[in-house]
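Student: My questions are about this predicted structure, shown below with the sequence.
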There are 2 protein chains.
Amino acid sequence: SMEGLKKNRGGGSFGTHFSYNSCADAVRSGRMVVVRAEGINPEIRKTEDKVVDSVIVTELAKPLTAYCRCWRSATFPLCDGSHVKHNKATGDNVGPLLLKKQ
Amino acid sequence: SMEGLKKNRGGGSFGTHFSYNSCADAVRSGRMVVVRAEGINPEIRKTEDKVVDSVIVTELAKPLTAYCRCWRSATFPLCDGSHVKHNKATGDNVGPLLLKKQ
Ligand code: FES
Ligand code: FES
């Protein structure tokens, strides 16, 4: 278990049948899988530490502009509808932020 | 491999040593792990098919308002700074959309 793993950093014993000299060996053996908390932005501006965008709302051209919150848009920070495919593929329920002039 | 799995939906044979009557059996055995595309919103308004929010920009109270794009804010759709913890925990680089009146 991960509990045992934490207590025994130099190696590990999983169940009664297997022991390893290191966590990496256990993972390599295929007997252990490490599950990590996942990021939500796979691709956009990965050279930036934090992707922050600004909108000067008085400069909005159209009555309604959709901004992406799914991190899958090819026109990020604008929404291009890619959230639909993302939601279908993953069972997620994300959608854009709509900026309205009136 | 997943290639073999796709060609042989009724069962599977992984490497030379193991064979299974079904994919579910292979997963249960611990010899196979299914990795799924992940959603990005774990908690917010999960009863809605798609979470869309609207801002009437003429009604913004403050010179600058930050809107959440990490789906971790306790004040969603507003940003409460939770993207910082999310980025640290996952290595991600997401941040808010800033709406500015000037
Ligand atoms: S494309 Fe990302 S919210 Fe629409
Ligand atoms: S809390 Fe989500 S972007 Fe800031």
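Tutor: Structure received. Residues are numbered from 1 along each chain as shown, chains lettered A, B, ... in the order given. Ligands and ions are numbered 1, 2, ... in the order given.
Student: Please make it C-alpha for all contacts and neighbour counts, starting now.
Tutor: Noted.
Student: which parts of the top helix by length along chain A are buried?
Tutor: In chain A, with assignment by DSSP state H, the single longest helix is helix A:82-90. For helix A:82-90, burial by neighbour count (16 or more other CA atoms under 10 Å in any protein chain shown) applies to A:82, A:83, A:84, A:86, A:87.
Student: what does stretch A:72-82 give?
Tutor: Using 16+ other CA under 10 Å as the test for burial, stretch A:72-82 gives A:72, A:73, A:76, A:77, A:78, A:79, A:80, A:81, A:82.
Student: and the closest residue to residue A:60 other than its chain neighbours, how far is that from residue B:54?
Tutor: Of all residues not flanking residue A:60 in the chain, residue A:101 sits nearest, at 7.7 Å (CA to CA, 6 or more residues apart in numbering or on different chains). For residue A:101, the distance to residue B:54 equals 10 Å [CA to CA, to the nearest Å].
Student: Which one's more surrounded, those two?
Tutor: Taking neighbours as other CA atoms under 10 Å in any protein chain shown, residue A:101 and residue B:54 compare with residue A:101 leading, 17 against 14.
Student: list the contacts for that one?
Tutor: Contact analysis of residue A:101 by CA atoms under 8 Å, 6 or more residues apart in numbering or on different chains lists A:60, A:62, A:63, A:64, B:56, B:57, B:58.
Student: need the next SSE after the longest helix of chain A, C-terminal direction.
Tutor: strand A:94-100 (DSSP states H and E).
Student: Just want the residue of chain A that's nearest ligand 2.
Tutor: For chain A and ligand 2, the shortest gap (CA to the nearest ligand atom) falls at residue A:52, measuring 8.5 Å.
Student: Sticking with that residue, tell me its helix or strand.
Tutor: Going by DSSP H and E, residue A:52 is part of strand A:51-56.
Student: Counting by contacts, list what that strand packs against.
Tutor: For strand A:51-56, the elements it packs on are strand B:94-100, judged by 3 or more CA pairs under 8 Å, 6 or more residues apart in numbering or on different chains; DSSP states H and E.
Student: what do you get if the cut-off is 10 Å, keeping everything else the same?
Tutor: strand B:64-67, strand B:94-100 (3 or more CA pairs under 10 Å, 6 or more residues apart in numbering or on different chains; DSSP states H and E).
Student: strand partners of the last one, parallel vs antiparallel please.
Tutor: What that stands for is strand B:94-100. In the sheet, strand B:94-100 lines up against strand A:51-56 (parallel), strand B:64-67 (antiparallel) (DSSP bridges).
Student: Measure how buried residue A:64 is and give me the count.
Tutor: The local packing of residue A:64 (other CA under 10 Å) involves 15 other residues.
Student: That one pairs with what?
Tutor: Bridge pairing for residue A:64 - DSSP bridges - gives residue A:100.
Student: just checking, it touches residue A:98?
Tutor: Yes: between residue A:64 and residue A:98 there is a contact at 6.6 Å, judged by CA atoms under 10 Å.
Student: residue ranges with poor pLDDT in chain A?
Tutor: A:1-18, A:23 (pLDDT under 70).
Student: give the contact list for the closest residue to residue A:46 other than its chain neighbours.
Tutor: Take residue A:46 and drop its neighbours on the chain: the residue closest to it by CA to CA, 6+ apart is residue B:93, 7.0 Å away. Taking CA atoms under 10 Å, 6 or more residues apart in numbering or on different chains, we find residue B:93 in contact with A:39-52, B:70, B:83-84, B:86-87.
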